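[1] Model the structure of this input:
(one chain, ligands or ions: 1)
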Amino acid sequence: MARRFRLRSLPGSDDEVSESNPVIDRREFMRYSFNTAAGVITMASLGSIGFASLLMGTADSSGGDTAVRFWVPSGAEDSVWYGDRHLESMSYSAFVNAATDSPTGMVGAQGVWSGLPVNVMYVPHTENASTPIATDKPRFQFMDGYTESGKYVGSGYELEEDPALAPLSIHDNLVVIFSRCTHLCCIPGWQLVQNDFTNNQWTPGAVDAGGNKLFCICHSSRFDPTAIEKNRNRNRSTGAEFDYIGIRRTGGPAPVGLPLIPWIITGDTIEALPDFKDWYTYCD
Ligand code: FES
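    Model (predicted):
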């Protein structure tokens, strides 16, 4: 039987799950999300999958600050490690602790930051980077990025070489990823769908198989959160192209990967920074 997802109220809404927050299955989710603009409007009117309809910088009752917060999809409360932390600020130590229960040392969580959907991924890079590269020894990998038509865009190594990209430098074994699919703007999940792409396994080289992918339930695009590369996309409103540092699209209809979001630790709280807002406009 198809897995069903119960929709949530928008942050700040008084509505709890009700007739206006129906249960949908994957097919229905695709229909709501199929056309970006119409999908967002439909989602907003439903009070639905939530943060997809909010805008950068929009304050909400439980956020509106720099903190990245957990977002627990309805129905996933008992199946994800952060199931009892919906809309709590993400602490760095929560990821470190959760990683101890992972066979790969890799954990991730859905989140929301300033109204934007994000995925936060912890990768035991520091522990593994000095060992021979091997299956289930995950680490960040800098790679070459190409356009949809195969034209070379640039290298993930530019993250270390271009001072303008310094806020994005990989640190503390963790990355924050803008989570709107570059296909039709659905929100990829981290291990919310169980299949060969999302198993808690890691394979070097950002190959499509091998597990630990962000998986978009709409049309099955996959993204490797450990593969850092340079991508190119365009502002959907203006058509203006921009290059960005992000993670690799490994399969499915999405044309390119997802952008990174710079982040810092304040105390133990994971906070994101709005340095590269133009990168998050391909669904506008
Ligand atoms: S929106 Fe189509 S694969 Fe993600």
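[2] what's in contact with stretch 130-147?
    With contact meaning Cβ atoms under 8 Å, 6 or more residues apart in numbering, stretch 130-147 is reached by 103-106, 123-125, 128-129, 152-157, 159-160, 170, 175, 201-206, 210, 212, 226-232, 246, 248, 256-257. Any C-beta I mention is one placed from the backbone N, CA and C, and that applies to glycine too.
[3] For this protein, what lies in contact range of the ligand?
    Cys181, His183, Leu184, Cys185, Cys186, Cys216, Cys218, His219, Ser221, Gly252, Pro253, Ala254 (Cβ under 6 Å from any ligand atom).
[4] Among these, which pair sits farthest apart?
    Based on Cβ to Cβ, the longest span within these runs between Cys185 and Gly252 and measures 13.8 Å.
[5] Among the contacts of stretch 130-147, which are located in helices?
    His125, Asn128, Leu159, Glu160 (DSSP state H).
[6] Would you confirm that the first one contacts Val175?
    No - contact criterion Cβ atoms under 8 Å: His125 and Val175 do not qualify, at 9.6 Å.
[7] Which of these two has more residues huddled nearby?
    Neighbour count, other Cβ atoms under 10 Å: between His125 and Val175, Val175 has more, with 26 against 20.
[8] Test of understanding: give the bridge partners of the more buried one.
    Taking DSSP bridges, one finds Met121 as the beta-bridge partners of Val175.
[9] that older thread, out of the residues of the chain next to the ligand, which are inside helices?
    Reading helices off the residues of the chain next to the ligand, I find no matches (DSSP H).
[10] ranking the residues you listed by neighbours, who comes first?
    Busiest of the residues of the chain next to the ligand [other Cβ under 10 Å] is Cys216, holding 28 neighbours.
[11] Would you check that my belief about it contacting Ala254 is correct?
    Yes - using Cβ under 8 Å, Cys216 is in contact with Ala254, at 6.9 Å.
[12] Check the contact lists of the two and give me the overlap.
    Residues touching both Cys216 and Ala254 by Cβ under 8 Å, 6+ apart: Cys181, His183, Phe223.
[13] Show the subsequent helix or strand relative to the lowest-mean-pLDDT helix or strand in the chain.
    Least confident element among the helices and strands of the chain, by mean pLDDT, DSSP states H and E: helix 36-46 (a mean of 31). As assigned by DSSP states H and E, the chain's next helix or strand after helix 36-46 is strand 69-70.
[14] Go ahead and measure how far the strand ranked longest in the chain is from the middle of the chain.
    The longest strand of the chain (DSSP state E) is strand 222-234. Centroid separation for strand 222-234 versus its chain: 11 Å, with Cα atoms, centre = their mean, to the nearest Å.
[15] next one: stretch 193-213
    15 Å.
[16] quick revisit: what about the longest strand of the chain, average pLDDT?
    For strand 222-234, mean pLDDT rounds to 96.
[17] what do you get for stretch 74-85?
    Computed over stretch 74-85, the average pLDDT equals 94.
[18] May I see the buried residues of that stretch?
    Ser74, Ala76, Val80, Trp81, Tyr82, Arg85 (16 or more other Cβ atoms under 10 Å).
[19] next one: stretch 96-113
    Buried-residue list, stretch 96-113, by 16+ other Cβ under 10 Å: 96, 98-99, 102, 104-113.
[20] Export these as JSON lines, with columns for pLDDT and distance to Cys283.
    Output for those, formatted as JSON lines (pLDDT from 0 to 100; distance: Cβ to Cβ, whole Å):
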{"residue": "Val96", "pLDDT": "98", "distance to Cys283": "32"}
{"residue": "Ala98", "pLDDT": "98", "distance to Cys283": "29"}
{"residue": "Ala99", "pLDDT": "98", "distance to Cys283": "30"}
{"residue": "Ser102", "pLDDT": "97", "distance to Cys283": "30"}
{"residue": "Thr104", "pLDDT": "97", "distance to Cys283": "30"}
{"residue": "Gly105", "pLDDT": "98", "distance to Cys283": "32"}
{"residue": "Met106", "pLDDT": "98", "distance to Cys283": "27"}
{"residue": "Val107", "pLDDT": "98", "distance to Cys283": "26"}
{"residue": "Gly108", "pLDDT": "98", "distance to Cys283": "21"}
{"residue": "Ala109", "pLDDT": "97", "distance to Cys283": "21"}
{"residue": "Gln110", "pLDDT": "96", "distance to Cys283": "17"}
{"residue": "Gly111", "pLDDT": "96", "distance to Cys283": "17"}
{"residue": "Val112", "pLDDT": "95", "distance to Cys283": "15"}
{"residue": "Trp113", "pLDDT": "94", "distance to Cys283": "15"}
